[in-house]
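Q: no sequence for this one, just the structure:
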């Protein structure tokens, strides 16, 4: 018999998290659901479920929240590079004996024609850019400062929110979400005479078009590896997460 006194905390930050919020609310109508956004992006959707915005105050703050709100299951659907939050979720879940499911979407893999160079960190990617290169930096708002010392390079920068600090005058900033159109990304790279693409291995379909465009144009890609996260029960899709939730809420007790 399905339990209806559970409280699910959904740590959001991805397209899949938003899809999950809607699916969970519809499929498990008797269960309390709270979706949590870090607050990095201001343009957040109204998903029709209770929402909190902002950090928890580290592991101790998350532990307190889990206890005070009687959370029985955490779903970590944050960005694959939100390593601090994922590590805090594992730690807090262990300390409070709370269930945890991590949505870990598959990484991108090289295809015929790709020219990838794997680097461990964003700082390594900045160091690896050749002198006088023209780079498309698809690394996010928080990481862009690691590249600004490279005043010998031109950079095309795309992000959703404006950077905290001004970018070099000779760089070009675009404030928008990634395009899903390969033709649009192809035109963007060609128009700005991009010689290198720098991106994180985020996986997923929503921002893959730039990878295909770089392949078509034979542009080298500096691919930043994902951080290593602690072990947790994982699912590779929203559908798998829903199945794991079903088992969790149908457990005895």
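A: That came through fine. Computed from a prediction, not measured in an experiment: that's the story for all the values here. Numbers count the residues shown, from 1 in each chain.

Q: residue boundaries of the helices in this protein?
A: For the chain, applying DSSP state H gives helices covering 15-27, 58-68, 83-96, 122-128, 182-191, 209-217, 238-249.

Q: Tell me which other helices or strands the last one touches.
A: Looking back up the chat, that one is helix 238-249. The contact analysis (3 or more CB pairs under 8 Å, 6 or more residues apart in numbering; DSSP states H and E) places helix 238-249 against helix 15-27, strand 73-76, strand 99-103, strand 233-235. Backbone N, C-alpha and C define where each C-beta goes, glycine included.

Q: Name every sheet partner of the third one and say whether each one runs parallel or antiparallel.
A: Sheet pairing of strand 99-103 (DSSP bridges) gives strand 73-76 (parallel), strand 233-235 (parallel).

Q: re the thing from before, CSV for the helices and strands packed on helix 238-249, including mean neighbour count, mean pLDDT and distance to residue 180?
A: CSV is the format used below for the helices and strands packed on helix 238-249 (neighbours: other CB atoms under 10 Å; pLDDT from 0 to 100; distance: least, CB to CB, whole Å):
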stretch, mean neighbour count, mean pLDDT, distance to residue 180
helix 15-27, 18, 90, 11
strand 73-76, 25, 97, 25
strand 99-103, 22, 96, 20
strand 233-235, 16, 94, 23
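
Q: closest one to residue 6 among these?
A: Nearest of the helices and strands packed on helix 238-249 to residue 6, taken as CB to CB: strand 73-76 at 6.2 Å.

Q: Got the confidence number for the nearest residue to residue 158 once chain neighbours are set aside?
A: Distances taken as CB to CB, 6 or more residues apart in numbering put residue 174 closest to residue 158, at 4.5 Å, once the chain neighbours are dropped. Looking at residue 174, its pLDDT reads 96.

Q: from here on, count from 196
A: Yep, numbering from 196; the last one is residue 369 now.

Q: what about residue 369, how many neighbours?
A: Residues within reach of residue 369, counting by other CB atoms under 10 Å, total 11.

Q: ok, now which ones touch it?
A: 351-354 (CB atoms under 8 Å, 6 or more residues apart in numbering).

Q: What is the nearest of those to residue 322?
A: Closest to residue 322, out of all of the contacts of residue 369 and judged by CB to CB, is residue 352, at 17.9 Å.

Q: how far away is the residue lying closest to residue 308 once chain neighbours are set aside from residue 440?
A: Nearest residue to residue 308, sequence neighbours excluded (CB to CB, 6+ apart): residue 410, at 4.7 Å. Here the criterion is CB to CB, to the nearest Å. By it, residue 410 lies 37 Å from residue 440.

Q: Compare those two (neighbour count), which wins?
A: residue 440 (23 against 20).

Q: in this protein, which ranges drop under the pLDDT threshold?
A: The chain contains residues with pLDDT under 70 at 196-199, 235-240, 446-448.

Q: Per the annotation, how does it divide into domains?
A: Structural domains assigned to the chain are 202-301+423-444, 311-419, following automatic domain parsing.

Q: so how far is the last one off the chain centroid?
A: Average the C-alpha atoms of domain 311-419, do the same for its chain, and the two points are 16 Å apart (CA atoms, centre = their mean, to the nearest Å).

Q: cool, and the longest one?
A: Taking the mean of its C-alpha atoms, domain 202-301+423-444 sits 13 Å from the chain's own mean (CA atoms, centre = their mean).

Q: What distance separates the opening and closing residues of it?
A: Counting by CA to CA, to the nearest Å, you get 10 Å between the two ends of domain 202-301+423-444.

Q: related to what we said a few turns ago, for the strands paired with strand 294-298, give me TSV that also has distance to residue 406.
A: Below are the strands paired with strand 294-298 laid out as TSV (distance: least, CB to CB, whole Å):
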stretch	distance to residue 406
strand 268-271	25
strand 428-430	23
